[in-house]
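Student: coords below, sequence missing:
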């Protein structure tokens, strides 16, 4: 098993972050789990402030009645981040600048009540839920395209992610969030054969598919700025020759 | 395991119990369930004056006058307490997202209280 009982990658394990629109992936080796042994953070209530306006499932908008309370039949149409005093960006605790290119956050967000809907925007403000390629936009505002109570992702540096929550009951609900997270110190391997073996599943890896359907320019810019590359194309097992030579070329552009 | 919600209700005379919980910011008289989930009622406690207590369900709470169906009826014959732990829960389905349940007192006078343990999954 690459992951431990918390669902986080063990030190020395492999993490693959897959980008659907480009069919590319990043292969990371988790050198260190910076917060090993202290992976749980009971954050508190959702960052909803009294008086905030939220969209209503019944049309129009509704107001947040008190801090941390999600109104009945409401969702936030624009994603929100989690503020944290003292963090690099105090409005977004998971945000890392490009100086932190050797780190990623593996974050599992658990909500109370666990029947709340949740999805995410990468980058913040760009909804990523799509059905039938791009025919229909889906997400917390829709009948599908969201999770309930839990969402897992990898926070890459230089990108603000936005979270959206929805309450389709008639109850104004107090909320809370628990994070199980790993602050991974990572490295990208420079052996094309090893990258190929990870991507075809010969080397066990924890595979996280980022919920990206729209490859926003902000994503590509961030990846190029941090890593110098946009990932490794994922090939079939019988395409090893082609893959390995392409990976060797990509590795030459890798920022170290 | 889903989310367990302890709902406490109060009514004076007959009518719908006003429901409250530690997770509720404001009270409700019915619970509209999250679409696609089930509500499992594991436990009922009725206390106060004598009461006939019904759990009622509607397929569509969004219409002007919902039609409520009885799902269970319990009687507290005289003032006191009735505790019903359900080894098999009362299960209520949400199919369209418009379904709701409520607890109502169909007969009795004076104050009546209910507590139910509801699991959403």
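Tutor: Arrived safely, thanks for sending. In this text, all values refer to a predicted model and were calculated from it rather than measured experimentally.

Student: starting at the chain centroid, how far to the helix or strand containing residue A:219?
Tutor: In the assignment (DSSP states H and E), residue A:219 maps to helix A:217-227. When distances are taken as CA atoms, centre = their mean, to the nearest Å, helix A:217-227 is centred 15 Å away from the chain's centroid.

Student: repeat for stretch A:128-147
Tutor: That offset, for stretch A:128-147, works out to 17 Å (CA atoms, centre = their mean).

Student: what about it, near chain B?
Tutor: Yes. Using CB under 8 Å from any CB of the partner chain, we find that stretch A:128-147 touches chain B at residue A:143. C-betas here are computed from N, CA, C, even on glycine.

Student: Outside of that stretch itself, which residues are in contact with it?
Tutor: A:55, A:57, A:75, A:77, A:117-122, A:127, A:164-166, A:211-214, B:35, B:97 (CB atoms under 8 Å, 6 or more residues apart in numbering or on different chains).

Student: For that stretch, list every residue counted as buried.
Tutor: Buried residues in stretch A:128-147, counted by 16 or more other CB atoms under 10 Å in any protein chain shown: A:128, A:129, A:130, A:138, A:139, A:140, A:141, A:142, A:145, A:146, A:147.

Student: Repeat that for stretch A:29-38.
Tutor: A:29, A:30, A:33.

Student: what's the answer for stretch B:25-32, then?
Tutor: Buried residues in stretch B:25-32, counted by 16+ other CB under 10 Å: B:25, B:27, B:28, B:29, B:30, B:31, B:32.

Student: how far out from the middle of the chain is it?
Tutor: With CA atoms, centre = their mean, you get 10 Å for stretch B:25-32.

Student: same check, this time on stretch A:198-211
Tutor: Relative to its chain's centre, stretch A:198-211 lies at 15 Å (CA atoms, centre = their mean).

Student: longest strand in the chain, by residue count?
Tutor: I'll assume chain A. The strand spanning the most residues in chain A, taking DSSP state E as the definition, is strand A:176-187.

Student: Actually, chain B is the one I wanted.
Tutor: Assigned via DSSP E, chain B shows its longest strand as strand B:80-93.

Student: which among the contacts of stretch A:128-147 end up buried?
Tutor: Among the contacts of stretch A:128-147, the ones that count as buried by 16+ other CB under 10 Å are A:55, A:57, A:75, A:77, A:117-122, A:127, A:164-166, A:211-214, B:35, B:97.

Student: ok, the buried residues of stretch A:29-38 vs chain B, which is closest?
Tutor: residue A:33 (27.4 Å; CB to the nearest CB).

Student: Bridged to the closest one, which residues?
Tutor: Applying DSSP bridges to residue A:33 gives these bridge partners: residue A:184.

Student: and what of residue A:103?
Tutor: residue A:185.

Student: Just give the number of residues close to it.
Tutor: 16 (other CB atoms under 10 Å in any protein chain shown).

Student: that's a strand at residue A:241, yeah?
Tutor: No. When classified by DSSP: H, G, I helix; E, B strand; the rest coil, residue A:241 is found to be helix rather than part of a strand.

Student: Excluding covalently adjacent residues, which one is nearest to residue 66?
Tutor: Went with chain A since none was named. residue A:50 (5.1 Å; CB to CB, 6 or more residues apart in numbering or on different chains).

Student: oops, I was thinking of chain B
Tutor: residue B:58 (4.1 Å).
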